[in-house]
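Novice: when you get a sec, could you give me coordinates for this:
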Amino acid sequence: MTENDGQDRLFGPNPSGLDESPHGMMVLVIVGMIVGLLSGMFGIGGGTVIVPALVWLGLSQRHAAATSMLAIVPTSISGVISYAHNGNVDWVAAALLSNAQSCYTRAELEMTGLVNVLDDVIISSEEKIRKPARDLYMLALDREFVTAKHALMVGNDEQNDIVGARTAGIDGVYFRTEISPADDPETSSYAVRSFTGADYEGLLDYVLNA
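Specialist: Okay, here's the model as predicted:
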């Protein structure tokens, strides 16, 4: 008795249990079309329709669930490509972390139009956490769905912005400006890059070539 003979006795010729005859394949195609129609019209599918349908066609529960999960991959990729092509994917998220009072900060963002280019605004007076607290930076990471290694803090206060971000594992870029604390250094040893003044061109060049 060969090893394959033993497998056939346990699982049959087709371990998945799927009917691979022309009739079975035709039924499978029709079920796939119906599932696609339902998904497009009502946003349902996967475990709701595909798995029970595959089990009804003779697939084992395990193989049905695996097939359903595998089907998600190409549809997810095509969805991302479609959204990206139409400019609906934010490859870079920009969030403001501020220790200022909400009543002033939000009004200023509205007045300057910056509110329209920011993905999020996180203000200490609303969150009851102040920079340089690590929890505020962790909150920002959670809200933007990014990890610390994919984030960059840009600030002009070494202790609050650069050191605070570092406690959360976030790299910081330091701008030494006229409103930086008087005892702040010209360049920060805690930052991955320091600039004199709000050098946004230098920052962009750093980000693009990092």
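
Novice: got the contact list for stretch 166-179?
Specialist: The contact list for stretch 166-179 (C-beta atoms under 8 Å, 6 or more residues apart in numbering) reads 132, 134, 137-138, 141, 148-149, 151-156, 158, 161-163, 165, 184-188, 190-199, 203, 206. Where C-beta positions appear, they are placed from N, C-alpha and C, glycine not excepted.

Novice: now L97: which helix or strand?
Specialist: In the assignment (DSSP states H and E), L97 maps to strand 95-98.

Novice: what are the pairing partners of that strand, and which direction each?
Specialist: According to DSSP bridges, strand 95-98 forms sheet pairs with strand 120-123 (parallel).

Novice: now do the buried residues in the following helix or strand past the partner strand.
Specialist: The helix or strand immediately downstream of strand 120-123 is helix 124-127, counting by DSSP H and E. Across helix 124-127, burial judged by 16 or more other C-beta atoms under 10 Å covers S124.

Novice: what is the subsequent helix or strand relative to helix 124-127?
Specialist: Next along from helix 124-127, by DSSP H and E: helix 134-144.

Novice: pLDDT score for the residue sitting nearest the centre point of the chain?
Specialist: When C-alpha atoms, centre = their mean is applied to the chain, the residue found nearest the centroid is F145 (4.7 Å). For F145, the pLDDT comes out at 90.

Novice: same check on H63?
Specialist: Per-residue pLDDT puts H63 at 74.

Novice: regarding it, what is its secondary structure?
Specialist: Three-state assignment for H63 (DSSP: H, G, I helix; E, B strand; the rest coil): helix.

Novice: how close does V31 sit to H63?
Specialist: V31 sits 15 Å away from H63, going by C-beta to C-beta, to the nearest Å.

Novice: next: A151.
Specialist: 40 Å.

Novice: ranges for the strands of the chain?
Specialist: 95-98, 120-123, 152-155, 171-176, 193-196 (DSSP state E).

Novice: between those, which gets nearest to L59?
Specialist: Nearest of these to L59, taken as C-beta to C-beta: strand 120-123 at 43.8 Å.

Novice: what does that closest one contact?
Specialist: 93, 95-102, 105-106, 109, 115, 136, 139-140, 143-144.

Novice: how far off centre is that strand?
Specialist: In terms of C-alpha atoms, centre = their mean, to the nearest Å, the gap separating the centre of strand 120-123 from the centre of its chain is 18 Å.

Novice: buried residues in it, which are they?
Specialist: 121-123.

Novice: out of these, which one sits closest to P52?
Specialist: Among these, and counting by C-beta to C-beta, the member closest to P52 is I122, at 43.5 Å.

Novice: ok, back up a step: ok, of the contacts of stretch 166-179, which come out buried?
Specialist: By 16+ other C-beta under 10 Å, these give 132, 134, 137-138, 141, 148, 151-156, 158, 161-163, 165, 184, 188, 190-191, 193-195, 199, 203, 206 as buried.

Novice: circling back: measure the residue nearest to the centre of the chain to E110 for me?
Specialist: 25 Å.

Novice: do the same with L139
Specialist: 23 Å.

Novice: neighbour count: those two, which is higher?
Specialist: Neighbours per residue (other C-beta atoms under 10 Å) separate L139 from E110, with L139 holding more: 18 against 11.
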